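Novice: next come a sequence and a model predicted from it.
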Amino acid sequence: MKIATWNVNSLKVRLPHVLEWLEANEPDVLCLQETKLTDENFPIEPIRAAGYDALYSGQKTYNGVAILSRHPFSERTDGIPGFEDEQKRVLSATVSGIRIICAYVPNGESLDSAKFPYKLKWLEAFSAWLKEELVHHSHMAVLGDYNIAPEDRDVHDPKAWEGSVLVSPEERAAFSRVLGLGFRDSFRLFDQEDKSFTWWDYRMNAFRRNMGLRIDHILLSDALAEKCISCSIDRLPRKLERPSDHTPVIAEVIM
DNA sequence: ATGGCCTCGGTTCGAGGA
């Protein structure tokens, strides 16, 4: 099973890239974030034509998540149960025995923004829910845009980023708490190139200069991590015309 | 040099992203 995640920064704009990527990579599951589409505008027809079914939970302008799959879905869950939130950031379903959770963690804006405590509160609720989900599903994959660079090696210039959102000790502690529930960062199960990132600012020629962050992750429950044979970042879509600022991350598990 | 770009909604600019 190949499972992947990609923050597309508007599915309307990025649909051709997504279809091209599906054909080239043939993932079994692809989680999307920042679709920025209401459900009635979701491009289900071209996705079906490409051989995928989809679950989607969107809103106008902001956020929006979707799960594409070549296999049937069951047990759909919207959002974080018990956590009231109008922002469409989480969608979950079970596919081929794997509990798939597609997440778009809040950005936080800055450490002194009102959006920052919302991010921490959100992560706390998310973590509490994942703990409960693990009781029922030994094979879990939590894929998405975490908006957290877990370690300094996930940041192109840790000094320059010190004191910024995405790298703060509070956010990193929240990420560690999720791992502590019984998850592994699949990317770090394998040898990887130094300065591997999943996001580069559109400005400053950041991609060409590899000034990026690794903030998109595939976390696997310990039992599923045992079955993981690869995890990699695909930089190719970032080189296309009108790219998303994020690239896909893809992992393979042998079931 | 603390900006620089992209997307959306809705108009020719502001909000939000990271």
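Specialist: Sure thing, it's come through.
Novice: how distant is the least confident helix or strand in chain A by mean pLDDT from the center of its chain?
Specialist: Least confident helix or strand of chain A, by mean pLDDT, DSSP states H and E, is helix A:158-161 with a mean of 94. Offset of helix A:158-161 from its chain centre (CA atoms, centre = their mean, to the nearest Å): 23 Å.
Novice: which parts of the helix or strand following that helix are buried?
Specialist: Heading C-terminal from helix A:158-161, the first helix or strand you meet, by DSSP states H and E, is helix A:169-180. Within helix A:169-180, the residues that qualify as buried are A:170-172, A:174-175, A:177-178, counting by 16 or more other CB atoms under 10 Å. C-beta: built from backbone N, CA, C; applies to glycine.
Novice: from the contact counts, what lies against the least confident helix or strand of chain A?
Specialist: Of the remaining helices and strands, none touches helix A:158-161 by 3 or more CB pairs under 8 Å, 6 or more residues apart in numbering; DSSP states H and E.
Novice: so which residues make contact with that helix?
Specialist: The contact list for helix A:158-161, computed with CB atoms under 8 Å, 6 or more residues apart in numbering, reads A:149, A:152, A:155, A:167, A:213.
Novice: quick revisit: need the buried residues of helix A:169-180 in CSV (columns: distance to DNA strand B and pLDDT).
Specialist: Shown next, in CSV, are these (distance: CB to the nearest atom of the strand, whole Å; pLDDT from 0 to 100):
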residue, distance to DNA strand B, pLDDT
A:170, 16, 96
A:171, 11, 97
A:172, 15, 97
A:174, 15, 97
A:175, 14, 97
A:177, 20, 97
A:178, 18, 98
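Novice: for residue A:98, state which of these is nearest.
Specialist: Of all the buried residues of helix A:169-180, residue A:98 sits closest to residue A:178, with 17.3 Å by CB to CB.
Novice: and the residue of the stretch 51-200 of chain A nearest DNA strand B?
Specialist: residue A:107 (3.4 Å; CB to the nearest atom of the strand).
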